[in-house]
Each structure stands twice: as C-alpha cells, then as structure tokens.
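Enquirer: A structural model of the following input is requested.
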Amino acid sequence: MSHEGIRFATKEEQAREEEEHRPLPRIAMTPEKVRVLLTEGKGLEIDWTDGHKSAWSFAFLRAACPCATCVEERKLDGRKPGQPKAKPSELLPMYTPPAKPASAHPVGRYALQFNWQDGHSGGIYSWEYLRRNCQCRECTFARDAMIGAAN
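Expert: The predicted structure follows:
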C-alpha cells in the first residue's frame, strides 16, 4: 500500500486550522467603513461593526493573496498568509517596487479584489479572511497564544 501524498500536520498547523474553522459572529465580519489608501500607498483600513479596527499594509495583503495559486505556493514554502517570499541570494539584488494595487473594487457585499501592479488579480479578499488575518496587536497576540498553547 502506498502512502505517497500523506502528510502529517504539526501541532502549529492543527491549531491554525482549528482557528480558521472557528465560527466568527456575523457582526465581527461586517465592515462599517472600508478605506483603501491607494493614493497614499499605505494599505487597507476597516472599521468593523463590532467596534474593532483593522489595518493591513499593501505588502502584507499581496503576500497574503487568497487565490488558489498563492495559497498553494505559501503551503509549499511553509509560509503564513502575509509572510513574504524569501529573497533569492544574488550578488547584485534587483530592485523590486513595493507592492501596490493599480485598483481595488468590491466583490458583491462580501469581499474586495485588488488588481496589483505586478499583474496579479486572482485573489478575492473576503471580509472573513481579512478579519481572521487582522494585523492589530490584540489579534496577532491571540493567534500566537493559540498556536503556543498547541505546542
């Protein structure tokens, strides 16, 4: 019997998966105000209906693209959403412009989609995905504590 393709998840991966599947209340995933700061080149800010405030840089959002291709690439590299790719070691590193979308638009009433200047536009950032990947100190602390408890 072949066991090819079977992979055993680490405790950290199991904790992250449990966190991703924990239901969030609708009020936590409903934006009250959404600001895409294209002109300033800063990123995305959302004030949620439950009073929480979230902010993401464009660099984080590009590295956290939720499209199938980017998710698979991150899994193969062992990266978390928002964690950038490792820079190749070169004698003369090439300049790469900072991640910035050329445009952004709503997708129905449940998500945003960015058209990145690098030509990528496959990711649909749902409100739930954004809230689960909130970068505020409170949320990152809670995620780290949950992963630490699993170890």
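Enquirer: tally of neighbours for the nearest residue to residue 106 once chain neighbours are set aside?
Expert: Excluding the flanking residues, the one nearest residue 106 by C-beta to C-beta, 6 or more residues apart in numbering is residue 112, at 6.1 Å. In this view, the C-beta of every residue, glycine as well, is placed from N, C-alpha and C. The tally of other residues near residue 112 (other C-beta atoms under 10 Å) stands at 22.
Enquirer: list the contacts for residue 112?
Expert: By C-beta atoms under 8 Å, 6 or more residues apart in numbering, residue 112 lies in contact with 34, 36, 44, 104-106, 124-125, 130.
Enquirer: so what's the spatially closest residue to residue 55 that is not a sequence neighbour up against?
Expert: Residue nearest to residue 55 in three dimensions, not counting chain neighbours: residue 45, with 4.7 Å by C-beta to C-beta, 6+ apart. Neighbouring residues of residue 45 by C-beta under 8 Å, 6+ apart: 34-35, 37, 53-55.
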